[in-house]
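*Asks:* got a predicted structure here, sequence first:
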Amino acid sequence: MSNPIVLRVQSPVGIVKRVNVNPSDSCRDLYEKVNKVFELNTYNFALYKQRNKTDEIVSSREIGISFAGLKHGDFVYMTNLSSPSDEQPGTSSSNSSSNHLNIFDTKKKASTTPSTPTEFRSKLSNVFSSSNNIVEDEVDKDLWNTSGQIKRKRDEKLCQHVPNGQCIHCSPLEAYDEAYMREQNLKHMSFHAYLRKQCSGADRGKFVVLEDLSCRIKEGCREHPPWPRGICSKCQPNAITLNRQVYRHVDNVEFENRTLVERFLEYWRVTGHQRVGLLYGKYQTHPDVPLGIKAIVAAIYEPPQDSSRDKIKLLPDPKADIVDELASSLGLRKVGWIFTDLVADDLQLGTVKHTRNVDSHFLSAHECIMAGHLQNLHPNPCRFSPGGYFGSKFVTICVTGDKDNQVHMEGYGVSNQCMALVRDKCLIPTKDAPELGYIKESTDKQYVPDVFYKIKDKYGNEVSRLARPLPVEYLLVDIPAATPLTPAYTFPARPDNTTHFPVENRMVDGQIQGFNALSRYLLYYSYITEWWTGRFKTSTLCPAT
């Protein structure tokens, strides 16, 4: 065991006392020991390594004493933060010489809360300026330059004006018009339509702020000992009520052609094992959804994985960065992930079992947590977020059986609330019910706020229930997924092509990548060899100047 470290802590009035800490202690432990040694009645103080109030030692459980750069014999300087009472500074002289030190500031700290509307607008503009360095996606820039209004034709019965005029019966509708969404059977509005709705007020969106949900205790609160010894309303996260998300960041997923999906399903048809793939493509505006976004999938990359008939384990991928760099050079990016959940029903008819439905589940809690994790890794740049990111355009595609026992694709995304629960490690799956998740209970190491969801009782009244357990359907957003009638090919091939280069990371006979497979593939494309040979002769006869 390492020897304890002795730190010399100097109070604001010049009293120096020794504090013994272990190198394995955290900075929060240091704050607690300083509070105990000086017999303080509050945690309204800060610790610095320099006398001029620089190089602050932040009260955090994640930061250790050695990581903070504190060594045996170092001086640590204590500074008051705020006054707990209205006592005048001159009355503290008698208390400063006693063993009990009442911490209060002789100069009141400037309030961080803006007191006037002018200060509030100034502070809000500073918040937005900090996120202006975030570069939005090209599709978002294009949609901001689009009016997004829904044009309507002249109604022959209701419109009584000239052909070039307009009235309330034929004037354009806003992209977030509720009557239009009900008429078109749209369950979710597009994200940009939601933003336009937020900016439609009298302030024209000047005060719109999209903040991510936080389920963690705020770090650095000095009003009390750190959790689990203390908590206050300033640092405690609020209780969460789950709501069905009214918008979605992506409104449709389109695979360029059926060959992409068929080659992905070929592994299951050969082995009977499930498979996971990463979708590479791009985002485009969706012409059929007001201010909508469509994800175009051009390729499926299958990372290293260990799969069986009922589970998949992803393995470390040392070539992940190379794949991303290669895709970026081709104008592609990760837009989602795809996985199979197929169980053969009749091998002769080629049917599969219909296991995912309203009576069982659409996505399991495990899959929701995985989707939330991947969405957190691929956040969506947003100009209205103080942090620069809000939500995610990353989609989830599940290949399973439909009600007719045919193979089909279902698209989903998880809500921003689910992303926050997954990011802060509050959501876990249940053991025997895939359709149910579970909100962790608070422990000595982690405080978890109460999470509720609303449900209608047998009388039709809406009541709140504690999310232990939690139906994961409250976390899902439906996204249609399909292939177009007219196929497209980012990577075109010859029409008579029947030989494909083996798919990566498939440990199956006949599908392993190697030099033999590469040579067979290149020999099939004889015109490539002829083209390279002709280029070589041309460059030899006519060298570049």
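*Replies:* Nice, thanks for sending it over.
*Asks:* for this structure, what helix or strand is lowest in average pLDDT?
*Replies:* helix 93-96 (a mean of 37; mean pLDDT, DSSP states H and E).
*Asks:* phi, psi of the residue nearest in space to the middle of the chain?
*Replies:* Closest residue to the average C-alpha location of the chain: N376 at 2.6 Å, with C-alpha atoms, centre = their mean. Main-chain dihedrals, N376, degrees, to the nearest 10: phi -70, psi -30.
*Asks:* for it, list the residues it contacts.
*Replies:* If you count contacts by C-beta atoms under 8 Å, 6 or more residues apart in numbering, N376 has them with 392, 419, 422-423. C-betas here are computed from N, CA, C, even on glycine.
*Asks:* show me what counts as buried in stretch 403-419.
*Replies:* The neighbour-count check on stretch 403-419 (16 or more other C-beta atoms under 10 Å) flags 407, 409-419 as buried.
*Asks:* just to revisit the earlier point, report pLDDT for the residue nearest to the centre of the chain.
*Replies:* What the model reports as pLDDT for N376 is 95.
*Asks:* so the nearest residue to N252 once chain neighbours are set aside, which state does it fall into?
*Replies:* Spatial nearest neighbour of N252, excluding adjacent residues (C-beta to C-beta, 6 or more residues apart in numbering): K294 at 4.5 Å. Look at K294: counting by DSSP: H, G, I helix; E, B strand; the rest coil, its state is strand.
*Asks:* please apply the same query to N516.
*Replies:* Classified using three-state DSSP, N516 is helix.
*Asks:* how many neighbours does it have?
*Replies:* Neighbour count for N516, taken as other C-beta atoms under 10 Å: 9.
*Asks:* how about D509?
*Replies:* 7.
*Asks:* also the one 4 residues further on?
*Replies:* Residues contacting Q513 under the criterion other C-beta under 10 Å number 14.
*Asks:* with R229 instead?
*Replies:* 10.
*Asks:* coming back round to it: contacts only, for the residue nearest to N252.
*Replies:* 250-254, 283-286.
*Asks:* can you redo those as TSV with secondary structure, neighbour count and distance to D177?
*Replies:* Output for the contacts of K294, formatted as TSV (DSSP: H, G, I helix; E, B strand; the rest coil; neighbours: other C-beta atoms under 10 Å; distance: C-beta to C-beta, whole Å):
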residue	secondary structure	neighbour count	distance to D177
V250	coil	28	21
D251	coil	25	16
N252	strand	20	20
V253	strand	25	25
E254	strand	17	25
Y283	strand	19	24
Q284	strand	16	23
T285	strand	18	19
H286	strand	19	17
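*Asks:* which of the residues you listed sit farthest apart?
*Replies:* V253 and T285 (14.4 Å; C-beta to C-beta).
*Asks:* Y194 reaches Y247, doesn't it?
*Replies:* Yes. The criterion here is C-beta atoms under 8 Å, and Y194 meets it with Y247 at 3.9 Å.
*Asks:* sorry, back to before: just the ones in helices from the buried residues of stretch 403-419, please.
*Replies:* Residues from the buried residues of stretch 403-419 lying in helices, with DSSP state H as the criterion: 416-419.
*Asks:* and of those residues, the nearest to C382?
*Replies:* Distances from C382 to these, taken by C-beta to C-beta, are shortest for N416, at 10.8 Å.
*Asks:* so where's the stretch 401-545 of the chain uncertain?
*Replies:* Scanning the stretch 401-545 of the chain for pLDDT under 70 picks out 493-499, 525-545.
*Asks:* at 50 what do you get?
*Replies:* Flagging of the stretch 401-545 of the chain using pLDDT under 50 yields the residue ranges 536-545.
*Asks:* spell out the residue ranges of the helices in this structure.
*Replies:* Using DSSP H, helices in the chain cover 27-37, 93-96, 117-130, 138-144, 178-183, 191-198, 258-271, 320-329, 365-377, 416-423, 515-524, 526-541.
*Asks:* for the ones you listed, which one ends up most surrounded?
*Replies:* helix 416-423 (a mean of 24; mean count of other C-beta atoms under 10 Å).
*Asks:* tell me what that one is packed against?
*Replies:* strand 240-242, helix 365-377 (3 or more C-beta pairs under 8 Å, 6 or more residues apart in numbering; DSSP states H and E).
*Asks:* got the buried residues for stretch 217-234?
*Replies:* Quick answer for stretch 217-234 (16+ other C-beta under 10 Å): 217, 221-223, 225-227, 231.
*Asks:* of those residues, which is the nearest to G64?
*Replies:* Among the buried residues of stretch 217-234, and counting by C-beta to C-beta, the member closest to G64 is P226, at 14.1 Å.
*Asks:* hmm, back to that, could you save the buried residues of stretch 403-419 as JSON lines and add columns showing distance to D457?
*Replies:* Shown next, in JSON lines, are the buried residues of stretch 403-419 (distance: C-beta to C-beta, whole Å):
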{"residue": "V407", "distance to D457": "39"}
{"residue": "M409", "distance to D457": "36"}
{"residue": "E410", "distance to D457": "30"}
{"residue": "G411", "distance to D457": "32"}
{"residue": "Y412", "distance to D457": "28"}
{"residue": "G413", "distance to D457": "29"}
{"residue": "V414", "distance to D457": "27"}
{"residue": "S415", "distance to D457": "24"}
{"residue": "N416", "distance to D457": "28"}
{"residue": "Q417", "distance to D457": "23"}
{"residue": "C418", "distance to D457": "25"}
{"residue": "M419", "distance to D457": "29"}
